[in-house]
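A.B. asks: the sequence isn't on hand, but the structure is:
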């Protein structure tokens, strides 16, 4: 799993409420929902990070 880095996000209150509602509908945390939304956008625009090959055990 990729290392996660924390950062502050300033977001419009109404937009945050909409994301929180969507996250609850999808049984995700708000943070998880934002990560999912960003990844969907990156994939749609062919900018998703390259996946590293898994190491053999």
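C.D. replies: That came in fine, so what should we check first? Bear in mind the structure is a predicted one, so any value in this text is a computation, not a measurement. Numbers count the residues shown, from 1 in each chain.
A.B. asks: who's in contact with residue 26?
C.D. replies: By CB atoms under 8 Å, 6 or more residues apart in numbering, the contact set of residue 26 is 33, 36. (Glycine included, C-beta is placed from N, CA and C.)
A.B. asks: what does the pLDDT read for it?
C.D. replies: pLDDT recorded at residue 26 is 97.
A.B. asks: now swap in the one 10 residues further on and tell me
C.D. replies: Looking at residue 36, its pLDDT reads 97.
A.B. asks: which stretches of the protein aren't confidently modelled?
C.D. replies: Low-confidence segments of the chain, defined by pLDDT under 70: 1, 57.
A.B. asks: using the three-state scheme, assign the closest residue to residue 2 other than its chain neighbours.
C.D. replies: Distances taken as CB to CB, 6 or more residues apart in numbering place residue 49 nearest to residue 2, at 7.7 Å, with adjacent residues excluded. Secondary structure, DSSP: H, G, I helix; E, B strand; the rest coil: residue 49 is coil.
A.B. asks: so residue 49 sits against residue 42, correct?
C.D. replies: Yes - assessed by CB atoms under 8 Å, residue 49 is found in contact with residue 42 at 7.5 Å.
A.B. asks: and the two? Which one has more around it.
C.D. replies: Taking other CB atoms under 10 Å, residue 49 and residue 42 do not tie; residue 42 has more neighbours (12 against 8).
A.B. asks: quick check: the more buried one vs residue 20, distance?
C.D. replies: Using CB to CB, to the nearest Å, one gets 22 Å for the distance from residue 42 to residue 20.
A.B. asks: now do residue 55
C.D. replies: Separation of residue 55 from residue 20 (CB to CB): 37 Å.
A.B. asks: quick one, helices of this protein?
C.D. replies: Remark: helices assigned in the chain by DSSP state H are 13-25, 30-44.
A.B. asks: possible to save those as CSV with distance to residue 4?
C.D. replies: Listed next are those as CSV, based on distance: least, CB to CB, whole Å:
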stretch, distance to residue 4
helix 13-25, 17
helix 30-44, 9
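A.B. asks: quick one: which of these is nearest residue 6?
C.D. replies: Nearest to residue 6 among the helices of the chain is helix 30-44; the distance by CB to CB comes to 9.6 Å.
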